[in-house]
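Q: fold the stuff below for me.
(one chain, ligands or ions: 1)
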Amino acid sequence: MLALRSAPPVFGTAEAERVAREVYGLAVSVRPLSGERDCNFHARTADGREYVLKILGSQDPLTTDCQVRVLRHLADQDPSLPVPKVYPTLLGADLGQASQDGLDYATCLTGFLPGRLLVDCRADRPLLREVGRIVARVDRALQGFFHPALAQRIAWDVRRLPELIEFAPHIGSPDVRLQVEGVVAVMHNILPSLRGLRSQAIHGDCHAGNLLVAARATGDDTVGGILDFGDMIHAPLVVELAVAMAETGAAPDADVLAAILSGYVGVQELQAADVAVLYDLVCARHATTLLLHAWRVQHDQPGARLLDEAVAHAAVSLDALLRLGRETITRTWHHAAGTASSTTSVIDLGRRQRLMGAGAELFYEQPLHLVRGEAVWLYDPQGRAYLDVYNNVPHVGHCHPTVVRAIARQTAVLATHTRYLHERILEYAEELTARCPPHLDACIFVNSGSEANDVAWRIAQFATGHKGGMILAHAYHGITAAVAALTPGAGQPRDPRVVTLSVPPAGLAVGDTLSMPDLAAAGADADRAIRELAERGLAPAAFYLDTAATSSGIYDPPPAWAQAVTARVRAAGGLIVADEVQYGLGRSGSHFWGFERRGLVPDMVTLGKPVGNGYPMGVVIAGRSLIEAFQAQYGFFSTFGGNPVAASAGLAVLDVIEREQLVVNARTTGGYLRERLQRLAAQHACLGAVRGAGLLLGLEIVGPNPDAAKRRTKQIVNELASRARVLIGSEGPGANLLKLRPPLVFRPEHADLLVEAIGLAAQNIERRAV
Ligand code: PMP
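A: Residues are numbered from 1 along each chain as shown. Okay, here's the model as predicted:
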């Protein structure tokens, strides 16, 4: 258990004066000084000599020994450092002893350093630079210092922040609590990288109550003292600076904090890797203050009061830091520290081709090197932000803290597989099936959309005894051998077991009525496909439908279309597989599942991409009897499928969708975007129809011929990425659709950025008439 309580010994002034007399042979009068763990007194002799008498709170002889030895060490290493000088007891020892209520306490007498505490001063930039310099001098002098007590576990050590997360519920403000939880999740992630950083003994607690300000002869302020070596630890050097920056920068401003940093590096060099984690460590210090305060409010009221000012500062500063963001601040700090950002290295494409093959696909003419994501934003090594309108895997937003935390927590506890009992996977299966029609009541867990489709394909063949597959023209269902056969557009030779259905009539929306001729045509097309199979001696095992018809060109036909087609498939003995890899989990904005929007009742539902928000996971949802029959015949087990970490990720995604009402957002923001795109298209000849619904939209690009349309589409996609820093893709059989498919946390203000960027690109096309 970490020592969370602040419990200094309680000695009165008379007792302190007695200790000074008996242990140190000094006749003094004392007055109390503040102290979080030690009981401190200012002591003055009749002839004006001043001391600090400390009754040390720690009962651990190692810790108390460390506290005095370090002062001796610093005095040796850098005699001009303004740290307290240790005075011996009458017996010549560094530590004395005082007893109270049967408990013995170590005592220590040091010189008194004059000055005001920094916490009581207005710290301008020159003074903050001095703070940086003095902290760096202490660190330099500490370089050769070793002591076993430096391994002490103290709650203020920012590396222990994840251990404090259980106190988060005690933080009163929900906003602050969320921020703190986010910081803890990040800290959890960067802990491994901290281990590789240069480490040594550090003071560990350079806050404004431990720094003294003194006036120089010239009249300006300088740091006249650094106090309290009771929190020393062996830690990455940069932790020292992070604490000082968190605690002493009065204004939560990157430039002000940079003043401390620049003072520091004037004395003690930092490396790029140190500066790269500085922002997260400063945030972590604030989060530590907020969490410890929250705990103390519950369990240690006097201790909480000691932190009242610090906690107000921490909340304001953390908020400001999070608003400014890691990228902006870290750039400023790299500049101040004279360290080039270690992430600015350009990836060598030749190396990539050697290692991954020249055919490994890359987006965009100028491939992007991305290093970080947050909600709808992606960042390159230079800290430039890209609006992500392409990626649907981070369904609830890139690196959503709830999902990150769920994954990190479960990874730290257990990652096995479904051959052991585990609660989470059952909870997840319950959550998924509860959102399905009653007949879809059991799940098989795998690792990708392809695998889910592959398993569904095996089940369909087994259950029907048929071998034929039916898909929509230009469908995409994945990469395994069996599923690639259901994906003829992806470079796979046409497989004689698979037949293709025509896409739904263009220009129809889900709310439209399907005309009788269109209805008849859809039915006739399905009949034709089934006949083709029969001519090859086959019958349909399954019809696979990507419910958004994404790669086929993004269609949103009325239910009558799918009903007409699937009735024929069923009559021929085939099953219906709703591939929800694209449209599942509310992307359409109207329903949780795409098959509901299509008016379909599938036999199996396959899931992938969005379910784990980036953690690999695929699911087949089907009727229990179907799954059990398959299990009985073949057995089924996937090593990674349904592991507790995946289940935790999946549950967190469902939770966020609900809490943040993302289906509603897909509807409202998707509706807003659709309308704005339609208005834009009316102004530009090269822009055509808007297809789809919710947050999966396609914008047709028009040209004098199909090749020109395709070329224009590619140009817009590339121009948006390189100029506007808006990431989209192209789609459809003619590659002439802009594919707009952002994380569901996409908001109207993001839609505005996107529409503006497309408008500019359209203008460019018209100006150049390409
Ligand atoms: N089905 C559909 C509709 C898809 O869009 C995809 C991926 N684009 C897949 C299946 C395959 O999923 P995965 O890449 O996870 O194997």
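Q: from here on, contacts and neighbour counts on C-alpha atoms
A: Will do.
Q: the stretch 601-750 of the chain: helices as residue ranges?
A: Taking DSSP state H, counting those that start in this stretch to define them, one finds helices in the stretch 601-750 of the chain at 624-634, 644-659, 662-683, 706-719, 748-768.
Q: elements contacting the fourth one?
A: Right, the one you point to is helix 706-719. When contacts are defined as 3 or more CA pairs under 8 Å, 6 or more residues apart in numbering; DSSP states H and E, helix 706-719 packs onto strand 696-701, strand 729-731, strand 737-740, helix 748-768.
Q: out of these, which is closest to residue 42?
A: Among the helices and strands packed on helix 706-719, the nearest to residue 42 by CA to CA is helix 748-768 (59.1 Å).
Q: run through who's touching that closest one.
A: 387, 669, 672-673, 676-677, 680, 684, 686-687, 712, 716, 719-720, 724, 726 (CA atoms under 8 Å, 6 or more residues apart in numbering).
Q: which residue in these has the weakest pLDDT?
A: Lowest pLDDT among the contacts of helix 748-768: residue 724, with 88.
Q: follow-up on the earlier one: now the helices and strands packed on helix 706-719 as TSV including distance to the ligand and mean neighbour count?
A: TSV is the format used below for the helices and strands packed on helix 706-719 (distance: least, CA to the nearest ligand atom, whole Å; neighbours: other CA atoms under 10 Å):
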stretch	distance to the ligand	mean neighbour count
strand 696-701	12	27
strand 729-731	11	23
strand 737-740	12	28
helix 748-768	23	17
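Q: show me the contacts for the nearest residue to residue 730 once chain neighbours are set aside.
A: The shortest distance from residue 730 to any non-neighbouring residue, by CA to CA, 6 or more residues apart in numbering, is to residue 738 (4.7 Å). Applying CA under 8 Å, 6+ apart to residue 738 gives the contacts 698-701, 713, 717, 728-731.
Q: how does it look with 7 Å?
A: Residue 738 makes contacts with 698-700, 713, 728-731, as judged by CA atoms under 7 Å, 6 or more residues apart in numbering.
Q: before we move on, what about residue 716?
A: Residue 716 touches residue 761, counting by CA under 7 Å, 6+ apart.
Q: how near is it to residue 674?
A: Between residue 716 and residue 674 the computed distance is 18 Å (CA to CA, to the nearest Å).
Q: any idea how far residue 310 lies from residue 318?
A: Residue 310 is 12 Å from residue 318, by CA to CA.
Q: pairing partners for the lengthiest strand in the chain, with directions?
A: If you go by DSSP state E, the chain has its longest strand at strand 103-111. Strand 103-111 pairs in its sheet with strand 50-55 (antiparallel), strand 86-87 (antiparallel), strand 96-100 (antiparallel), by DSSP bridges.
Q: looking at those, which is closest to the ligand?
A: strand 50-55 (63.6 Å; CA to the nearest ligand atom).
Q: export that closest one to PDB, keeping only CA atoms.
A: Provided in PDB are the C-alpha atoms of strand 50-55 (Å, rounded to 0.1, in the frame of the first residue of the first chain):
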ATOM      1  CA  GLU A  50      18.900  30.500  12.900                       C
ATOM      2  CA  TYR A  51      18.200  26.800  12.400                       C
ATOM      3  CA  VAL A  52      15.500  24.500  11.200                       C
ATOM      4  CA  LEU A  53      14.700  21.700  13.600                       C
ATOM      5  CA  LYS A  54      13.000  18.700  12.000                       C
ATOM      6  CA  ILE A  55      11.200  15.900  13.800                       C
END
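Q: what element comes up after it heading to the C-terminus?
A: The element immediately downstream of strand 50-55 (helix or strand, assigned by DSSP states H and E) is helix 61-77.
Q: now that following helix - C-alpha only, PDB.
A: Extracted as PDB, the C-alpha positions of helix 61-77 are listed here (Å, rounded to 0.1, in the frame of the first residue of the first chain):
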ATOM      1  CA  PRO A  61      15.600   4.500   9.400                       C
ATOM      2  CA  LEU A  62      16.700   4.100   5.800                       C
ATOM      3  CA  THR A  63      14.600   7.000   4.600                       C
ATOM      4  CA  THR A  64      15.800   9.300   7.400                       C
ATOM      5  CA  ASP A  65      19.400   8.300   6.800                       C
ATOM      6  CA  CYS A  66      18.900   9.100   3.100                       C
ATOM      7  CA  GLN A  67      17.500  12.600   3.900                       C
ATOM      8  CA  VAL A  68      20.700  13.700   5.800                       C
ATOM      9  CA  ARG A  69      23.200  11.900   3.700                       C
ATOM     10  CA  VAL A  70      22.000  13.600   0.500                       C
ATOM     11  CA  LEU A  71      22.500  17.000   2.100                       C
ATOM     12  CA  ARG A  72      26.100  16.100   3.000                       C
ATOM     13  CA  HIS A  73      26.600  14.800  -0.600                       C
ATOM     14  CA  LEU A  74      25.300  17.900  -2.200                       C
ATOM     15  CA  ALA A  75      27.400  20.100   0.000                       C
ATOM     16  CA  ASP A  76      30.500  18.100  -1.200                       C
ATOM     17  CA  GLN A  77      29.500  18.100  -4.800                       C
END
